[in-house]
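Engineer: my questions concern the predicted model and sequence given below.
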Amino acid sequence: MKSARSLMSTGRRSRAAWKWPAIFAAAIVMMYAVYSLSYPTTSYRFKITLSVETPEGLKSGSSVMEVRTRRYPAWTTLGQSTGDSHLTGQAVFVDLGPTRDGKPQNLVALLTLGARGENPNLHFLPGEAFEPLWKQRQASPGFRGASSELPKLPPGTKAELRGKLIPTLVTFEDMNDPKTARVVQPDGFTKVFGAGVTLQSATIEIVPAGTWPLTLLGVGGEPVTQGIERKLVWWSGPGRPAEAALRAADLYLGEPELAFKRD
């Protein structure tokens, strides 16, 4: 049998073996806690839905997107900025069905704003769309801007998109050819698609975002929409087909791929 002294010695060595890993793990947790307090990150998800009235009935399409905002102390940028936001998602695609001669029609709401898609800052859209909800609170000491209020909105919160808040709209006469893109004005559907086709509504709605860290694994909440490449047949073509599409529609180029998809 082992002596009591031997057993005590073995116990001390066992505790010592676990001591440093435990200290290291605690240090990691503490560093993460300090980082999270200094650079807090919030996120929320929203869904843009377009509904189009056609002779064959109502056609709709939607896309779920996510905005993640990270804040940091003003001293890190000498007071120039205190945070940045990143949008993840893809353009809204609406299948309008075939024309009378069997030609398929479509509508795409890009991840840009403006008549020429000159405003790529779509992550500001929810803040502008829901502004009436907290307009009275803007003067309160606790108000920290739209980026702080948006994650607090309950799922189901909804608003109409009108005028400048409607994303840039395009259509493709041939889904295999990006050079057939053309702009569609919200009040010009009949001119482009024919009689009986009108934009009935464009809406934005807060949807469940899930819980961190499960969201990092794609688990929880309403999933961010994916798969635009399967609808835009030309997406994987040679060269930069997204640029060709924007050029054909006489839209602002910027980073062409980001008008359709952002990761």
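Structural biologist: Alright, I've got the coordinates.
Engineer: in the sheet, which residues pair with residue 93? Tell me.
Structural biologist: For residue 93, the beta-bridge partners under DSSP bridges are residue 108.
Engineer: same question, residue 85
Structural biologist: Going by DSSP bridges, residue 85 forms beta bridges with residue 69.
Engineer: and it, how far from residue 257?
Structural biologist: As judged by Cβ to Cβ, to the nearest Å, residue 85 and residue 257 stand 19 Å apart. To be clear about C-beta, it is placed using only N, CA and C from the backbone, and glycine gets the same treatment.
Engineer: also residue 238?
Structural biologist: As judged by Cβ to Cβ, residue 238 and residue 257 stand 14 Å apart.
Engineer: quick one, which of the two is more surrounded?
Structural biologist: Between residue 238 and residue 257, counted using other Cβ atoms under 10 Å, residue 257 has the larger neighbour count: 16 against 6.
Engineer: is it fair to say the more buried one lies in a helix?
Structural biologist: Yes. Counting by DSSP: H, G, I helix; E, B strand; the rest coil, residue 257 is found in a helix.
Engineer: OK, contacts around it?
Structural biologist: Applying Cβ atoms under 8 Å, 6 or more residues apart in numbering, we find residue 257 in contact with 240, 242.
Engineer: flag the shaky bits of the stretch 151-263 of the chain, pLDDT-wise.
Structural biologist: 211-219 (pLDDT under 70).
Engineer: where along it do the helices fall?
Structural biologist: Ranges of helices in the stretch 151-263 of the chain, per DSSP state H, counting those that start in this stretch, are 189-193, 228-231, 241-248.
Engineer: quick one: closest of the ones you listed to residue 65.
Structural biologist: Smallest distance to residue 65 across the helices of the stretch 151-263 of the chain (Cβ to Cβ): 11.8 Å, for helix 228-231.
Engineer: run through the strands of the stretch 151-263 of the chain in chain order.
Structural biologist: 158-160, 169-172, 181-183, 198-207, 261-262 (DSSP state E, counting those that start in this stretch).
Engineer: so of the ones you listed, which one's packed in deepest?
Structural biologist: For the strands of the stretch 151-263 of the chain, the largest average neighbour count (mean count of other Cβ atoms under 10 Å) is found in strand 169-172, namely a mean of 24.
Engineer: which residues are in contact with it?
Structural biologist: 105-110, 178, 180-186, 192-193, 232, 245, 249, 251.
Engineer: just the buried residues of those residues.
Structural biologist: The neighbour-count test (16 or more other Cβ atoms under 10 Å) marks 105-110, 178, 180-181, 183-184, 186, 192-193, 232, 245, 249, 251 as buried among those.
Engineer: show the contacting residues for residue 146.
Structural biologist: Counting by Cβ under 8 Å, 6+ apart, residue 146 touches 124, 126-128, 130-131, 134.
Engineer: contacting residues around residue 55?
Structural biologist: Counting by Cβ under 8 Å, 6+ apart, residue 55 has contacts 195-197.
Engineer: could those be laid out in a markdown table, adding neighbour count?
Structural biologist: Output for the contacts of residue 55, formatted as a markdown table (neighbours: other Cβ atoms under 10 Å):
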| residue | neighbour count |
| --- | --- |
| 195 | 7 |
| 196 | 11 |
| 197 | 22 |
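Engineer: closest to residue 153 out of these?
Structural biologist: So of the contacts of residue 55, ranked by how close each gets to residue 153 (Cβ to Cβ), first place is residue 197, at 32.7 Å.
Engineer: didn't that closest one look like it was pressed against residue 54?
Structural biologist: Yes. Residue 197 lies in contact with residue 54 (Cβ atoms under 8 Å); the separation is 5.1 Å.
Engineer: anything in contact with each of the two?
Structural biologist: Both residue 197 and residue 54 are in contact with residue 96, where contact means Cβ under 8 Å, 6+ apart.
Engineer: and the residue nearest the centre of the chain?
Structural biologist: Nearest to the geometric centre of the chain sits residue 65, at 2.9 Å (Cα atoms, centre = their mean).
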